[in-house]
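model this:
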Amino acid sequence: MLEIHASSVRAPDGTELTAFECGGGPGPTFVLCNGLGGNIDAWRYLIDDFGPHHRIVSWDYRGLYKSGPAAPGTGYEIERQVQDLQAVMTHFGIERAVLLGWSMGVQVSFEAWRRMPQAIEAMVLINGTYGSPLATAFSPMLKDSPLAQMLPAIARGLESIAHLAEPFQPMAQKVTKTKLALKVIKSLGLASQALDEKMFLTLASEVAGLHMPRHMATLNALAAHSAVDVLDSITVPVLVVTGDHDLLTPLAQSREMVKAIPGAELLVIPSGTHYTPLEFPELIHLRVEKWLRERMGFTRA
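Numbering: from 1, shown residues only. As a prediction, the model looks like this:
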């Protein structure tokens, strides 16, 4: 297991971030853009597989995990997340990198292309969309349903009362570690039978312990963001990965992205859900390795 080193980074607006670095080798540098509520631990399979060949860098989003809250007078907008990304790359002396985004990280990657295209060598986009994710989550299940139209408003309302969850979080963390929680998640179709249960439950428990007002503020910033206008301007290699059972960022969104991005490639994983990196890591890694060889000319020694 590769050792991961943490360091402190100050964002341009003064927000204190925690960034991570590991690995090394002749391959292009990877910058990991987390999902909402995810951290570097969620990438453990990828880090152990690619770390011997690539330098790998990531960071905790502002207000989540080990990063501090947004500085006074600032917020959690995706544009600010990209400023944080720039600060992290500058801190580590990285001029160009391959961005790997999972879920929220896909939108962060697209916004990064809008604001710093010269720093992006390629993109691997996993289980995400280009914007307004609450408008398409659980479709076509909720297609034309009043609930689908209400999701953004519900999320905004929850942000205003998220502080009330604090007394219940220790109990929630315990519940999310149980087999019952896992059974419910699978029965709802949110995860497949191939899921690494131990890792998923650990990550779910960590999410349950997050500062809920900041978490919800980040979700609402994500819901308000769209990068649909930049898709056809992308000129670097792009690999889109998704599962055909992803309810949170449905397959249709990935197909739209691939259609709009020049030269983009698509990997659809049968039975994969929103958590394909924890369900089918070997399949994803083999495809990424092949893509690196074909599109970037990098072959493992």
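
summarise which helices and strands the worst-scoring helix or strand of the chain on mean pLDDT is packed against.
None of the helices or strands of the chain scores lower by mean pLDDT, DSSP states H and E than helix 146-161, at a mean of 74. In terms of contacts (3 or more CB pairs under 8 Å, 6 or more residues apart in numbering; DSSP states H and E), helix 146-161 is packed against helix 212-223. (C-beta placed from N, C-alpha, C; glycine too.)

quick check, G37 in contact with R214.
No - assessed by CB atoms under 8 Å, G37 is found out of contact with R214, at 10.8 Å.

shared neighbours of the two, anything?
Common contact partners of G37 and R214 (CB atoms under 8 Å, 6 or more residues apart in numbering): L64.

doesn't L17 lie inside a strand?
Yes - L17 forms part of a strand when assessed by DSSP: H, G, I helix; E, B strand; the rest coil.

please enumerate the strands of the protein.
5-10, 16-23, 30-33, 55-59, 97-102, 120-126, 238-243, 265-269 (DSSP state E).

tell me the mean pLDDT over stretch 291-301?
For stretch 291-301, mean pLDDT is 93.

what does stretch 93-101 give?
For stretch 93-101, the per-residue pLDDT averages 98.

roughly how far is that stretch from the heart of the chain?
15 Å (CA atoms, centre = their mean, to the nearest Å).

circling back to that earlier point, between the least confident helix or strand of the chain and helix 212-223, how big is the angle?
Interaxial angle, helix 146-161 versus helix 212-223 (axes from the mean of the first three to the mean of the last three CA atoms, to 10 degrees): 140 degrees.

now helix 146-161: buried residues?
A148, L151, P152, A155, R156, L158, E159 (16 or more other CB atoms under 10 Å).

for stretch 191-211, same thing?
191-192, 194-196, 199-201, 203-208, 210-211.

state the pair within those residues that is farthest apart.
Farthest apart among these by CB to CB are A194 and H211. That separation is 31.4 Å.

check contacts around the residue lying closest to Y65 once chain neighbours are set aside.
Leaving aside its sequence neighbours, Y65 sits nearest to N39 (CB to CB, 6 or more residues apart in numbering; 4.9 Å). By CB under 8 Å, 6+ apart, the residues touching N39 are D60, L64, Y65, L203, E206.

any idea how far N39 lies from M150?
30 Å (CB to CB, to the nearest Å).

spatially nearest residue to D84 (excluding sequence neighbours)?
In space, and not counting its chain neighbours, D84 is closest to A11: 4.9 Å by CB to CB, 6+ apart.

for Q193, same thing?
Of all residues not flanking Q193 in the chain, K186 sits nearest, at 7.0 Å (CB to CB, 6+ apart).

tally of neighbours for that neighbour?
15 (other CB atoms under 10 Å).

so who does it touch?
S192, Q193, L195.

report pLDDT for it.
Reported pLDDT for K186: 90.

I78 touches N220, doesn't it?
No - I78 is not in contact with N220 according to CB under 8 Å; the separation is 11.0 Å.

for those two, indicate the residue with more neighbours.
Remark: of I78 and N220, I78 carries more neighbours, 23 against 20, as counted by other CB under 10 Å.
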